[in-house]
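Trainee: fold the following and give me the result.
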Amino acid sequence: MARIARFRAGWYSCPTTRADALFELTDAVLSAPTITSLPYLSLEPVFRRSWGSLYGALAHGRIDAGRVRELLVASARADWPLTFAIDASTHPRPYAETSPGRE
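Mentor: Coordinates of the predicted model:
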């Protein structure tokens with residue numbers, strides 16, 4: 001439980017604006033039995049704000065990606081296998097900056 005408490009405390013420092021609403025939204029997403037729509041997330045007991053603050057958090061809230069990255073790296077156990085995310089989709093990306101002219 002101490003490990004989870006440390007992770008939650010670290011996660012709380014990741015949002016830079018609208019932190020409380022984003023934190024409670026995270027709890028709502030993780031604890032909801034099913035997610036059918038955003039308004040239903042605002043009805044979860046852990047989301048103690050109005051439904052409008054949910055939309056405000058999503059529209060105007062910011063999360064520091066560097067802090068999230070550091071938190072995830074610090075939280076990973078040493079015996080866990082390395083995991084990499086690779087985009088192998090074949091969707092055309094004519095406006096991709098990293099591969100001009102490639103579709």
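Trainee: quick one: list the elements packing against the worst-scoring helix or strand of the chain on mean pLDDT.
Mentor: Ranked by mean pLDDT, DSSP states H and E, the helix or strand of the chain with the weakest confidence is helix 38-41, at a mean of 87. Helix 38-41 is packed against helix 19-31, helix 51-60, with contacts defined by 3 or more C-beta pairs under 8 Å, 6 or more residues apart in numbering; DSSP states H and E. C-beta here means a position set from N, CA and C on the backbone, and glycine is covered the same way.
Trainee: tell me the buried residues in the first one?
Mentor: By that I understand helix 19-31. For helix 19-31, a neighbour-count test (16 or more other C-beta atoms under 10 Å) marks 19, 21, 22, 23, 24, 25, 26, 27, 28 as buried.
Trainee: residue 57: which of those residues is nearest?
Mentor: Closest to residue 57 out of these is residue 21 (3.6 Å), distances taken as C-beta to C-beta.
Trainee: tell me the centre residue of this structure?
Mentor: With distances taken as C-alpha atoms, centre = their mean, residue 26 lies nearest the centre of the chain, 7.1 Å away.
Trainee: setting aside sequence neighbours, what's the nearest residue to that one?
Mentor: Residue nearest to residue 26 in three dimensions, not counting chain neighbours: residue 11, with 6.8 Å by C-beta to C-beta, 6 or more residues apart in numbering.
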